[in-house]
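Chemist: sharing a sequence plus its predicted fold:
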Amino acid sequence: MLKKSILAAGITMGLAAGTAQANVFADCVATPIIEFEGSIVDAAVATPELSTLVTAVTAAGLVDTLASANNITVFAPTDNAFAALEGPILDTVLASQELLTGVLTYHVAPGIQDPRRWIKSVRRETLSGESVFYHFKDGAPMVNGASIDCQGVRTDNGIVWVIDSVLMPPLRWMM
């Protein structure tokens, strides 16, 4: 009888966890997208938590490109995401405009994409020519392991999704 009770409790906990993940997923998908009048660059400049990204985009000479490109999706790492990079990695990326451009364009995908809509893992190409993978973990959207904020920002030329990590292109690209 004790075995059946433990098994029943385990199944109930498993179902509750699945229901909780489903609720997180449903809540995330139902989160409305913010409309912003201006370009992706304007939206980033207007967001204090993205100041490091704005500095990096400026240093790479990508401001005009990101402000004028149409129908793009940008995964925008926060200042905390950049701060979490190990010093040597950040220093190496910042020391080379080519490397910095490659890392930043790895955060940009063609088309207006909503990673909250993909239940299964999906591969999408970025402007750097490499791919990222959208997936879910614990009911929340992810891109290459970085958490995606459920509230996107639609701008005049695309959509921005704030993420909690800097996406690094595959090592083969950086060699």
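Modeler: Sure, I can see it. Numbering: from 1, shown residues only.

Chemist: hey, let's count contacts and neighbours off CA atoms from now on
Modeler: Noted.

Chemist: residues in a beta bridge with residue 109, which ones?
Modeler: Per DSSP bridges, residues listed as beta-bridge partners of residue 109: residue 73.

Chemist: that one - how many residues pack around it?
Modeler: 24 (other C-alpha atoms under 10 Å).

Chemist: what's the answer for the one 4 residues further on, then?
Modeler: Counted by other C-alpha under 10 Å, the residues lying close to residue 113 total 18.

Chemist: do you know how far it is from residue 85?
Modeler: If you measure residue 113 against residue 85 using C-alpha to C-alpha, to the nearest Å, the figure is 26 Å.

Chemist: do residue 114 as well
Modeler: Between residue 114 and residue 85 the computed distance is 26 Å (C-alpha to C-alpha).

Chemist: do the same with residue 56
Modeler: Residue 56 is 14 Å from residue 85, where distance means C-alpha to C-alpha.

Chemist: the more surrounded of those two?
Modeler: residue 56 (19 against 13).

Chemist: look up phi and psi at the more buried one.
Modeler: The phi and psi torsions at residue 56 (degrees, to the nearest 10) take the values phi -70, psi -40.

Chemist: distance check, it against residue 32.
Modeler: Using C-alpha to C-alpha, one obtains 28 Å as the distance from residue 56 to residue 32.

Chemist: enumerate every residue touching the closest residue in space to residue 76 that isn't next to it in sequence.
Modeler: The spatially closest residue to residue 76, leaving aside those adjacent along the chain, is residue 162, at 4.7 Å (C-alpha to C-alpha, 6 or more residues apart in numbering). Taking C-alpha atoms under 8 Å, 6 or more residues apart in numbering, we find residue 162 in contact with 75, 76, 77, 78, 148, 149, 152.

Chemist: does residue 162 belong to a helix or a strand, and which?
Modeler: The secondary structure element spanning residue 162 is strand 158-163 (assigned by DSSP states H and E).

Chemist: repeat for residue 132
Modeler: Take DSSP H and E as the rule and residue 132 turns out to sit in strand 131-137.

Chemist: packing partners of whichever helix or strand comes after that strand?
Modeler: Tracing the chain past strand 131-137, the next element assigned as helix or strand by DSSP H and E is strand 140-143. Secondary-structure packing of strand 140-143 (3 or more C-alpha pairs under 8 Å, 6 or more residues apart in numbering; DSSP states H and E): helix 2-30, strand 131-137.
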